[in-house]
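Q: Generate coordinates for the sequence data below:
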Amino acid sequence: MARRISGRSHGDPRSADTRAKVVKDDYRPSRDEILRYIAENPDRSGKRDIAKAFALRGEDRIWLKDLLRDLQDEGLLTRNRKRLTRAGALRHVAVLDIFGRDNDGVLLAHPTEYTGPGSPPVIAIRISRGASGPVPGIGARVLAKTFPTDDPSGPAYTGRVMKIFEKRSEAVLGVFRVLKDGTFRIEPVERRQPELIVDKEFQNGAKNGDLVEVEAARASRYGLPRAKVLAVLGSLTSEKAVSMIAIHAHDIPHIFPADVIVEADAVKPVALAEREDWRDLPLVTIDPADAKDHDDAVFATPDTDEKNPGGVIVTVAIADVAAYVRYGTPLDREALKRGNSVYFPDRVVPMLPERISNDLCSLREGEDRPAIAVRMTFSAEGRKLRHSFHRIMMKSAAKLAYPQAQAAIDGVPDDRTGPILDRVLRPLWDAYAVLKRGRDSRQPLELELPERKILLKPDGTVDRVVVPERLDAHKLIEEFMIQANVAAAETLEGKKEPLVYRIHDAPSLAKQESLREFLHTLGLSLARGAQMRPGQFNGILERVRGADNEALVNEVVLRSQSQAEYSPKNIGHFGLNLRRYAHFTSPIRRYADLIVHRGLIAALGLGPGGLTQQDADRLEEVGALISATERRAMAAERDTVDRLIAAYLAERINDTFDARISGVTKAGLFVQLPQYGADGFIPVSSLNGDYYIYDETARSLFGERTGKGYQLADRVEVRLLEVAPMAGAMRFEMLSDPKPLQGSRRSFHKAKSRARASQSRVGPRGRRR
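A: Sure thing, here's the model as predicted:
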């Protein structure tokens, strides 16, 4: 029976702006009231929030916990961090694209990214009367707070605009080409973009090989559509042409405004002043050999405390970027706009100007540099006992590369590592052995995913693709940085200082169930009901280690994981199996780390440059922005790699390659060339000899007649048929014969039955039957 509620003040289950006044304590809210409260209070939808709103105590809280679990099992609720949301509900802060107006002139928007069921919801954009500043229009992209509505006939949400991003026109990018007959074409730089014709009067000064922004005209009934050149963005004859396409395609800011450069050039080096003088401590930097900025340095020593036998003291020093980049300055605004540095094979688009990133904040060997250091004490079992933060002046004792430091430990020191081998390097490796015990006990998710590096020729084309060896030197720095990040989060949380956490949610219930079904086809099981832990996935990966399906299972487990992001609301980090985690160790290239540095300075009274109230008030907005810029950078880097590899292979048409199936859809197979790390596509219509049916559970296409087919992670032989270098697209032909699929016959027959019911059989020429 529903609890009787009267009155409307702050926090009421029926309103986001009111609170329930409880009349009787022996009644419980109905399911509908619970669901309505969660929909209307996205910021206060944790179990404790709900119990507080309805004044539930004692046994009523146990009843509430059971009810919420039932609602999740029924698919009516999903867990997002520590909060519950209606299934398919938008995040409270979301990036939206405005696409039109309703009959009353109200702006309407869709979420830029939507992974829920069905079509993306429509959001009505609210503009406050008398609002100052720019007003968004159709085509604008905005950051907005969203609120669910009760009107079944109108938009599902309203949105209040927090920030307007730079407006994108309906223009598209392409490469201007002059054909032999003197006509002009636009070569597409996107995979689904058509080739365009440009008439001479719309050339707008473009020359052969220019990257241009064009506006497509209405397609004619016959022939290719036409377009006019709006702007010339640059020439693709330079050695950095390929990354320039991604920079413009993803709207990545790459030219620093004049006021930012003026401010950076005027910055003076920080003096010792009130800092602790640690210049005699032999901190060293260990980075990739080609690194230009060095934002972290390390040192370790055995703990001489008799109460901590076998323990170690680890010191991590990080460049003090907050000393130079203050809140609200042009440098700060541009850094937030960029969010992070973007790393392409042929260039870096830095978050901060070179004067800051490669000079004043780079921990150069033998030069005084300001830093924020954390000194951590670990037990012999690798458990952190205590830590302390310090604002220091340091002087790096050595600039080392990963292979160089590893070689010294392996018995091949050089002129630089020899003198510091016993005093600096061996204690570092001894400390890593201790921290590794703690890591092994913690059991983070252990996915071994090789990282490829593209080496370029002087002209910017691909020389070769290599997979750098994963050394203990890499793992040492990684674990030291993780522990420093944990210490930063713990300190700020303990001081009740606002911060942006690095969070990683557990796989969603839907992804867990999909993975469970897939593993069942392989005779593997994944426990249901209990809270997921990384160790459960590690157990599955260990069971298939060395087996034929090892790559397949690793791939599917990876795809079941959520994406990490930034938020002022903590849910822990699932992949690392940590309860609190924040990014602290790379403030030169990540704005999130700069926020954490400012928080530590303010919380510990370490001097100027601390977190301001303005900073603290906008952390939710900042978290959403830098999460978006991180995804933007990843997409741009991936697109650039695809274009470079496609251009590299363009002269190898009809060559055969060993490949691995990296994706399976109804339309066909995506295949990856392991040697290069690039993907191409095989249309299902080109698979001969059978009618192929898509089995989502088994991640496969199988023949209706034979039951044989192709499955995710299968190793196959393919022939390269077509390449579009500027779009990074490649089309292949399958040469390997289909084979019996891994999985139960039950999965095969279930998929076949579903296919018949939906008439989804596809023949050799793509015909529906």
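
Q: which secondary structure element contains the closest residue to Q443 other than its chain neighbours?
A: Sequence neighbours aside, G535 is the residue nearest to Q443 in space, at 4.2 Å (criterion: CB to CB, 6 or more residues apart in numbering). Yep, even glycine has a C-beta here, placed from its N, CA and C like the rest. Using DSSP states H and E, the element containing G535 is helix 534-543.

Q: try A636
A: Per DSSP H and E: A636 is located in helix 619-649.

Q: quick one on the thing from earlier: contacting residues around the helix holding G535?
A: The contact list for helix 534-543 (CB atoms under 8 Å, 6 or more residues apart in numbering) reads 443-447, 519, 524, 526-527, 550, 553-554, 557, 574-575, 577.

Q: Check which element follows it along the chain.
A: helix 550-559.

Q: what separates that following helix from the chain centre, distance-wise?
A: 19 Å (CA atoms, centre = their mean, to the nearest Å).

Q: Now do it and helix 534-543, the angle between them.
A: Counting by axes from the mean of the first three to the mean of the last three CA atoms, to 10 degrees, helix 550-559 lies at 160 degrees to helix 534-543.

Q: mean confidence for helix 550-559?
A: For helix 550-559, mean pLDDT is 82.

Q: Repeat that for stretch 599-617.
A: Rounded mean pLDDT across stretch 599-617 is 94.

Q: Show me what counts as buried in that stretch.
A: Going by neighbour count (16 or more other CB atoms under 10 Å), the buried part of stretch 599-617 is G599, L600, I601, A602, A603, L604, L606, G609, G610, L611, D615, A616.

Q: Could you identify the most distant pair in those?
A: Using CB to CB, the buried residues of stretch 599-617 reach their maximum pairwise distance at L606 and A616, which is 16.7 Å.

Q: Just give me how far stretch 626-633 sits from the chain centre.
A: Averaging C-alpha positions (CA atoms, centre = their mean) puts stretch 626-633 7 Å from its chain's average.

Q: CA-only coordinates of that stretch, as PDB, when you get a sec.
A: In PDB, the C-alpha atoms belonging to stretch 626-633 read as follows (Å, rounded to 0.1, in the frame of the first residue of the first chain):
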ATOM      1  CA  ILE A 626      36.900  16.500 -20.500                       C
ATOM      2  CA  SER A 627      35.200  13.100 -20.800                       C
ATOM      3  CA  ALA A 628      33.900  14.300 -24.200                       C
ATOM      4  CA  THR A 629      37.300  15.700 -25.300                       C
ATOM      5  CA  GLU A 630      39.000  12.400 -24.300                       C
ATOM      6  CA  ARG A 631      36.600  10.400 -26.500                       C
ATOM      7  CA  ARG A 632      37.100  13.000 -29.300                       C
ATOM      8  CA  ALA A 633      40.900  12.500 -29.100                       C
END
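
Q: Run through who's touching it.
A: By CB under 8 Å, 6+ apart, the list of residues contacting stretch 626-633 from outside reads 95, 250-252, 336, 338-343, 500, 563, 565-567, 590-592.

Q: Tell me which helix or strand in the chain has the weakest average pLDDT.
A: The helix or strand of the chain with the poorest confidence is strand 5-9; it has a mean of 33 (mean pLDDT, DSSP states H and E).

Q: measure stretch 293-311 end to end?
A: With CA to CA, to the nearest Å applied, stretch 293-311 spans 32 Å between its terminal residues.

Q: Buried residues, that stretch. List them.
A: Those would be D293, H294, D295, D296, A297, V298, F299, A300, T301, D303, N308, G311, for stretch 293-311 by 16+ other CB under 10 Å.

Q: among those residues, which two are most distant?
A: By the measure CB to CB, D293 and N308 form the most distant pair in the buried residues of stretch 293-311, at 35.1 Å.

Q: of the contacts of helix 534-543, closest to W63?
A: Nearest member of those to W63, counting by CB to CB, is A527, at 25.3 Å.

Q: That closest one: what's it in contact with?
A: Contacts for A527 were tallied using CB under 8 Å, 6+ apart; they are Q536.

Q: List the buried residues of stretch 687-707.
A: 687, 690-695, 697-704, 707.
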